[in-house]
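# Okay, here's the prediction I keep looking at, along with the sequence it came from:
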Amino acid sequence: MHTTTSTAASLLSDSQDVSVPRAGRAGDLRVLHVVNRLDLGGTESGILKVIAGLGDSEFSHAVCTARGHNAAYAIQHALEGRIFDAGGPESKNQFLVRSFARIIRGFRPHIVHSRNWGAIEAVFAARMARVPIVIHSEHGYELDILSGLPLRRRLLRRAAYSLADAVFTVSADLRAYHARQAWISPGRLRVLANGVDSERFAPSLERRAAFRARLGLSPNTLLIGSVGRLVAIKGHASLLDAAEILASRGTDLAIALVGDGPELQKLRARGAALPHLASRVHFLGASKNVAEILNGLDVFALPSISEGMSNTLLEAMSAGLPVVATRVGGNPELVADRVSGLLTEVGDVRELATHLEVLSADPDLRSRLGAAARAAILADYRLDSMLDRYRKLYKELAAQRGLLAIQPA
């Protein structure tokens, strides 16, 4: 994105007034969700949960992307005819404000909700198109922003945040980071935490037995797993190194990594080079059966360098697993150390190995931590609770703009 704050101002000044009809019923509220690319990923999964969970009785939904979408993924989630691409994947430096504005004028939404840096131009486009409600949200970190944002990004985020009717993050840690980077008070940003389907992701002995049989594991083998995109920020190499330490000490264990991504070949090579672990690492690829896989694990590990609020951590906790996670981002907001899991420092392989060793030797501790983890999810992070937060936000802002005949409860 090449725009500057002065360019954004000029774009807004030459905008045309596009009338948007008042929604007499809640069901008339049209929401356009904007994301960088619609494909496998936590943020994308979150959008699909919102669309499916809010349904079509109160809202109608469409998705707009900055850089295209996975056609098979769109068909799988019944988005045909409801997904629009402002740009394509071939360039990382497309100027998309006018393309977004054209799509917005065609769909005529009452609400434009953009996610993350890759879709932030939609905020300016929505204002050009005179959309009544503009929302922007931040859902996670990337490696290149951990030490701070470049000045251009800080200025653009500050401008976008000032134009939006509401800005939220998925964790308090992420709120503090973006408030600091945009030179604004944290109080101007809301926090809407992610949620998980606690019925789908629930403990099941039947699923556990089936999955472990599939891998050919004995009942006594400690299966440690992680789920997510195989990207550097997830820190999977630390997990392999920690597991090698345990295996060298005689612990009967196996590792299951679920997901795909650019680090796959590096991780395969690293695992093969570890003498005690080489035959114990299972790369399972991207899977639609994450709930079944989680039930087969004994321990869930999330050694990320940084996190927003991890959906897979929520899912593992909901499945009643003891978790070991790094003390970063939203992880400490989810995991109470030594109550619902164990926290470790980023990159501290020996501490990670120690935590895993403690859990391997104490089935009762694993059971207690797992039960507490599921209780925490049921108390604060159920999917229906997340959907209620989104519904209230959308309807609150719609009522303020006079778009609802009936004020939200």
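That came through fine.
# Give me the domain ranges for this protein.
As assigned by automatic domain parsing, the chain contains the domains 5-195+383-400, 205-380.
# Can you flag the weakest of those by average pLDDT?
Comparing mean pLDDT over those, the weakest stretch is domain 5-195+383-400, at a mean of 85.
# Strands of this protein, residue ranges please.
29-35, 59-65, 83-85, 111-115, 133-138, 166-169, 190-191, 222-227, 253-258, 281-285, 299-302, 323-326, 342-344 (DSSP state E).
# hang on, the earlier thing: with mean neighbour count added, can I get the domains of the chain in a markdown table?
Quick note: C-beta positions are derived from backbone N, CA and C, even for glycine. Formatted as a markdown table, the domains of the chain follow (neighbours: other C-beta atoms under 10 Å):
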| stretch | mean neighbour count |
| --- | --- |
| domain 5-195+383-400 | 18 |
| domain 205-380 | 19 |
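# For Leu302, give me its contacts.
226, 228, 234, 310, 312-313, 316, 323-326, 331 (C-beta atoms under 8 Å, 6 or more residues apart in numbering).
# repeat that with 6 Å
Shown in contact with Leu302 (C-beta atoms under 6 Å, 6 or more residues apart in numbering): 313, 325.
# one step back: of all the strands of the chain, which lies closest to Trp183?
strand 166-169 (13.6 Å; C-beta to C-beta).
# For Val35, see how far away Ala160 is.
15 Å (C-beta to C-beta, to the nearest Å).
# beta partners for the nearest residue to Arg327 once chain neighbours are set aside?
Distances taken as C-beta to C-beta, 6 or more residues apart in numbering place Leu343 nearest to Arg327, at 4.4 Å, with adjacent residues excluded. Counting by DSSP bridges, Leu343 is bridged to Ala325.
# Gly329 is in contact with Leu343, correct?
No - contact criterion C-beta atoms under 6 Å: Leu343 and Gly329 do not qualify, at 11.6 Å.
# what is in contact with those two at once?
Joint contacts of Leu343 and Gly329 (C-beta under 6 Å, 6+ apart) do not exist.
# need the helices for the stretch 201-350 of the chain, in chain order.
All helices of the stretch 201-350 of the chain, identified by DSSP state H, counting those that start in this stretch, fall at 205-215, 236-248, 264-273, 290-296, 311-318, 331-334, 349-361.
# Redo the ones you listed as CSV? Include distance to Ser99.
Putting the helices of the stretch 201-350 of the chain into CSV (distance: least, C-beta to C-beta, whole Å) gives the following:
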stretch, distance to Ser99
helix 205-215, 44
helix 236-248, 36
helix 264-273, 33
helix 290-296, 34
helix 311-318, 29
helix 331-334, 36
helix 349-361, 45
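# Quick one: closest of these to His110.
Each of these has some distance to His110 by C-beta to C-beta; the shortest is helix 311-318, at 27.4 Å.
# could you say what helices and strands the closest one packs with?
helix 363-380 (3 or more C-beta pairs under 6 Å, 6 or more residues apart in numbering; DSSP states H and E).
# any idea how far the closest residue to Asp252 other than its chain neighbours lies from Ala319?
Closest residue in space to Asp252, ignoring its immediate chain neighbours: Thr221 at 5.2 Å, by C-beta to C-beta, 6+ apart. Distance, Thr221 to Ala319, by C-beta to C-beta: 18 Å.
# Could you list the residues in contact with stretch 364-374?
With C-beta under 6 Å, 6+ apart, stretch 364-374 has contacts from 317, 320-322, 339-341, 359.
# Convert the C-alpha atoms of that stretch to PDB, please.
The C-alpha coordinates for stretch 364-374 follow below in PDB (Å, rounded to 0.1, in the frame of the first residue of the first chain):
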ATOM      1  CA  ASP A 364      -2.900 -36.200  37.500                       C
ATOM      2  CA  LEU A 365      -1.400 -32.800  36.900                       C
ATOM      3  CA  ARG A 366      -2.300 -33.100  33.200                       C
ATOM      4  CA  SER A 367      -5.900 -33.900  34.200                       C
ATOM      5  CA  ARG A 368      -6.200 -31.000  36.600                       C
ATOM      6  CA  LEU A 369      -4.800 -28.400  34.300                       C
ATOM      7  CA  GLY A 370      -6.900 -29.700  31.400                       C
ATOM      8  CA  ALA A 371     -10.100 -29.600  33.500                       C
ATOM      9  CA  ALA A 372      -9.300 -26.000  34.600                       C
ATOM     10  CA  ALA A 373      -8.600 -25.000  31.000                       C
ATOM     11  CA  ARG A 374     -12.000 -26.200  29.800                       C
END
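# Alright, that wraps it up for me.
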